[in-house]
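Participant: got a predicted structure plus its sequence, pasted below:
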There are 2 protein chains.
Amino acid sequence: MAARVLDGAAIATEIRAELAPRVAEFERRAGRQPGLSIVLVGDKADSQIYVSSKLKSAADEGINARLSHLAADASLDQILALVDKLNRDPTTDGILVQSPLPDRLGPAAMQQVFDLIDPSKDVDGFTPVNVGRLSQNRADLVPCTPAGIVELLKRTGIAIAGKHAVVIGRSDIVGKPVSMLLLHRNATVTICHSRTADLPAVAATGDILVAAVGRPGFVRKPFVRPGATVIDVGINRVTDEAAAKELLGAKRFESFLKRGSAVVGDVHPEVSEVAGAITPVPGGVGPLTVAMLMSNTLRAAELRVK
Amino acid sequence: MAARVLDGAAIATEIRAELAPRVAEFERRAGRQPGLSIVLVGDKADSQIYVSSKLKSAADEGINARLSHLAADASLDQILALVDKLNRDPTTDGILVQSPLPDRLGPAAMQQVFDLIDPSKDVDGFTPVNVGRLSQNRADLVPCTPAGIVELLKRTGIAIAGKHAVVIGRSDIVGKPVSMLLLHRNATVTICHSRTADLPAVAATGDILVAAVGRPGFVRKPFVRPGATVIDVGINRVTDEAAAKELLGAKRFESFLKRGSAVVGDVHPEVSEVAGAITPVPGGVGPLTVAMLMSNTLRAAELRVK
């Protein structure tokens, strides 16, 4: 029996519909739309796609999203100066700096940028104070992908409390924050990673399995307890034809052959034979991430005006 | 075969001996001793014992520790005003507010106090920004008990990387931060708690088991994988004679009968029949917590002068 498919796109639509009256109420009280400033450095194709999708979603929501586009050769100082300006801009409620920054800025650059963002405008939830408040179970602004995963579980009626959740991946963006959110909702939580011994066996102890590895089709059947809920956070672009053939259904493979690339998750399609429920890629966690960004922007705006 | 006993007191002595030349160097450069300000509110007997032990340890280390003792009926505003004063005091490198605060101040009081402490003086590592930096694996000041546990494992040659660590307890003071520290040292980490289903079975998956529950003798044999390392974080005062008889050896029980109380851990003595290594209570994690407080105070002082 194939796993139930958890329709993230439909839930994202639901969440965004619920924001509409709150956006209207905010505009009535504040005399302006909630404001989201997106900073994009350089011209990386994937980043441009993500940013476009966020700008479009914001416009649909009645959120005034503005793009500050810096050239690929912008200096770290220029980026920091821009963030500083946005921190002081009274019509900017949320600041999002699209990651990654260009490689030449070094591995610490992104953190330096986040360290500067006003925590009350930190709609990504990546500033140290917001990360700390998340760990203390009192965050106002929770990272979007982890928050989206929890919304998905809640709205599809999948219990968290008392369940064993296994998270593969320990990133600051997904692995660690989603572990905290699930823990605070009374799951027992195991965090695995590249150094985990016998990863499939550990993963298979999970009633809920969150895959946030960034490796196409990495999670196979032996990783999954029969009936488990599998959340696929991966957004991996494949260009290799053999990989695409293995990981895509017939229809999507056809489109791959035309375009030369496709996006796949971290979970292999064979998993749907054993899982109880699974999120698709695309159309699972991705749309929820964008919906939660809108939710965070509105929340930041409401807190500012309150 | 009885488990190897991990002598926390001896390791604490070792750590403190290593601080001595750094304290001397600090004093030479700064023209003063490192300064630790301890805030104690009220007259709770256990708190007074902890504070005395910290004051004595600091004096032994050449750290200038000063006690600010507020009456049991002090208001939250008075406590906050004191913290504010210590934040601005140039000879205070570390601020420690002894928990718990009096019950009548409500459950949020401690957090309000921590929110005010200057993160650079936060030798407990409990302010949101330091909690966030810990999650991001770049903390300068790490909570003392978790840091002590990691030192203990390191200095007794117990491997962390690639091992499965199970932490029972999800407090902000021990459970969550020690989970982060073990994760960053490449353990696979499971966090359990009161809502965990079949807790003994989950606990028994651990190569390293950290018990931070606050319940005397709670961890029994079925919780422990044969050969596992068991870290007992509990400091529980028992006054019940039957419990004391069960949990104390003959000699300590004799002393219990005289005093009417004794301190025991979260781990039942029967566990030493199955564990590979175990920390005693007292003399295990407790002395390490105090040693790491001294280490944090010196570190805060060094960063201030640098």
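Facilitator: It's in.
Participant: could you use CA atoms for every contact and neighbour count after this?
Facilitator: OK.
Participant: correct me, but A:Pro102 touches A:Val41?
Facilitator: Yes - proximity of A:Pro102 to A:Val41 meets the contact threshold set by CA atoms under 8 Å, at 7.2 Å.
Participant: neighbour count winner among those two?
Facilitator: A:Val41 (23 against 19; other CA atoms under 10 Å in any protein chain shown).
Participant: next, that one: phi, psi?
Facilitator: Torsion angles at A:Val41 (phi, psi; degrees, to the nearest 10) stand at phi -110, psi 120.
Participant: please name the bridge partners of A:His164.
Facilitator: Bridge pairing for A:His164 (DSSP bridges) gives the partners A:Thr188.
Participant: so who does it touch?
Facilitator: Residues near A:His164 by CA atoms under 8 Å, 6 or more residues apart in numbering or on different chains: A:Ala187, A:Thr188, A:Val189, A:Thr190, A:Thr205, A:Gly206, A:Asp207, A:Ile208, B:Thr196.
Participant: likewise A:Val263?
Facilitator: A:Ile235, A:Asn236, A:Arg237, A:Val238, A:Val281, A:Pro282.
Participant: out of the residues you listed, which one sits closest to chain B?
Facilitator: Checking the contacts of A:Val263 against chain B with CA to the nearest CA, the nearest one is A:Ile235 at 22.6 Å.
Participant: my guess is the closest one contacts A:Asp266. True?
Facilitator: Yes - if you go by CA under 8 Å, A:Ile235 and A:Asp266 touch, sitting 7.4 Å apart.
Participant: ok, back up a step: and the contacts of A:Val263, which of them are buried?
Facilitator: Using 16 or more other CA atoms under 10 Å in any protein chain shown as the burial test, these include A:Ile235, A:Asn236, A:Arg237, A:Val238, A:Val281, A:Pro282 as buried.
Participant: using CSV, please lay out these together with secondary structure.
Facilitator: Formatted as CSV, the buried ones among the contacts of A:Val263 follow (DSSP: H, G, I helix; E, B strand; the rest coil):
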residue, secondary structure
A:Ile235, coil
A:Asn236, strand
A:Arg237, strand
A:Val238, strand
A:Val281, coil
A:Pro282, coil
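Participant: now pLDDT and distance to chain B too, for those residues, in CSV please.
Facilitator: Conversion of the buried ones among the contacts of A:Val263 to CSV gives the following (pLDDT from 0 to 100; distance: CA to the nearest CA, whole Å):
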residue, pLDDT, distance to chain B
A:Ile235, 95, 23
A:Asn236, 96, 24
A:Arg237, 95, 27
A:Val238, 97, 29
A:Val281, 97, 27
A:Pro282, 96, 29
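Participant: tell me the residues that contact both of A:Pro102 and A:Val41, please.
Facilitator: A:Ala72.
Participant: next, the contact list for A:Arg237, please.
Facilitator: A:Ser261, A:Ala262, A:Val263, A:Val264.
Participant: most surrounded residue in those?
Facilitator: A:Val264 (26 neighbours).
Participant: ok, the residue in the stretch 151-300 of chain A that chain B sits nearest to to A:Asn137 distance?
Facilitator: Using CA to the nearest CA, the single residue of the stretch 151-300 of chain A nearest to chain B is A:Thr190, 4.0 Å away. According to CA to CA, to the nearest Å, A:Thr190 and A:Asn137 sit 18 Å apart.
Participant: so which residues on the stretch 1-150 of chain A come close to chain B?
Facilitator: Counting by CA under 8 Å from any CA of the partner chain, the positions of the stretch 1-150 of chain A adjacent to chain B are A:Thr127, A:Pro128, A:Val129, A:Asn130, A:Val131, A:Gly132, A:Arg133, A:Ser135, A:Gln136.
Participant: can you do 6 Å?
Facilitator: With CA under 6 Å from any CA of the partner chain as the criterion, the stretch 1-150 of chain A meets chain B at residues A:Pro128, A:Val129, A:Val131, A:Gly132, A:Arg133.
Participant: for these, which entry has the maximal number of neighbours?
Facilitator: A:Val131 (31 neighbours).
Participant: ok, the residue lying closest to that one once chain neighbours are set aside - contacts?
Facilitator: Spatial nearest neighbour of A:Val131, chain neighbours left out: B:Gly132 (4.5 Å); criterion: CA to CA, 6 or more residues apart in numbering or on different chains. Neighbour list for B:Gly132: A:Pro128, A:Val129, A:Val131, A:Gly132 [criterion: CA atoms under 6 Å, 6 or more residues apart in numbering or on different chains].
Participant: in a helix, the third one, correct?
Facilitator: Yes - secondary structure of A:Val131 (three-state DSSP): part of a helix.
Participant: mind checking pLDDT for it?
Facilitator: We have a pLDDT of 98 for A:Val131.
Participant: nearest spatial neighbour of A:Gln48, chain-adjacent residues omitted?
Facilitator: A:Gln48 sits nearest to A:Leu40 (CA to CA, 6+ apart), 7.9 Å away.
Participant: quick check on that neighbour: phi, psi?
Facilitator: Per degrees, to the nearest 10, the backbone of A:Leu40 is at phi -120, psi 130.
Participant: quickly list what it is bridged to.
Facilitator: Here A:Leu40, judged by DSSP bridges, has bridge partners A:His69.
Participant: A:Val129 reaches B:Val131, doesn't it?
Facilitator: No - using CA atoms under 6 Å as the test, A:Val129 is too far from B:Val131 to be in contact (7.7 Å).
Participant: all helices for chain A, in order.
Facilitator: A:8-30, A:45-61, A:76-88, A:109-116, A:128-135, A:144-155, A:175-184, A:199-203, A:241-247, A:250-259, A:285-305 (DSSP state H).
Participant: residue contacts, the residue nearest the centre of chain A?
Facilitator: In chain A, the residue lying closest to the centroid (CA atoms, centre = their mean) is A:Thr145, at 2.7 Å. The contact partners of A:Thr145, by CA under 6 Å, 6+ apart, come to A:Thr289.
Participant: ok, now how distant is it from chain B?
Facilitator: Distance, A:Thr145 to chain B, by CA to the nearest CA, to the nearest Å: 17 Å.
Participant: check A:Ser99 too.
Facilitator: Taking CA to the nearest CA, one finds A:Ser99 at 16 Å from chain B.
Participant: burial check on that residue, number of neighbours?
Facilitator: 12.
Participant: over to A:Asp73?
Facilitator: 11.
Participant: ok, and for stretch A:67-81, which residues are buried?
Facilitator: Buried, per 16+ other CA under 10 Å, within stretch A:67-81: A:Ser68, A:Leu70, A:Leu76, A:Ile79, A:Leu80.
Participant: show residues contacting stretch A:8-21.
Facilitator: So stretch A:8-21 is contacted by A:Gly283, A:Gly284, A:Val285, A:Pro287, A:Leu288, A:Ala291 (CA under 6 Å, 6+ apart).
Participant: quick check: of those, which lies closest to B:Gly276?
Facilitator: Comparing these against B:Gly276 with CA to CA picks out A:Val285 as the nearest, at 42.9 Å.
Participant: in contact with that closest one, which residues?
Facilitator: Taking CA under 6 Å, 6+ apart, one finds A:Gly8 in contact with A:Val285.
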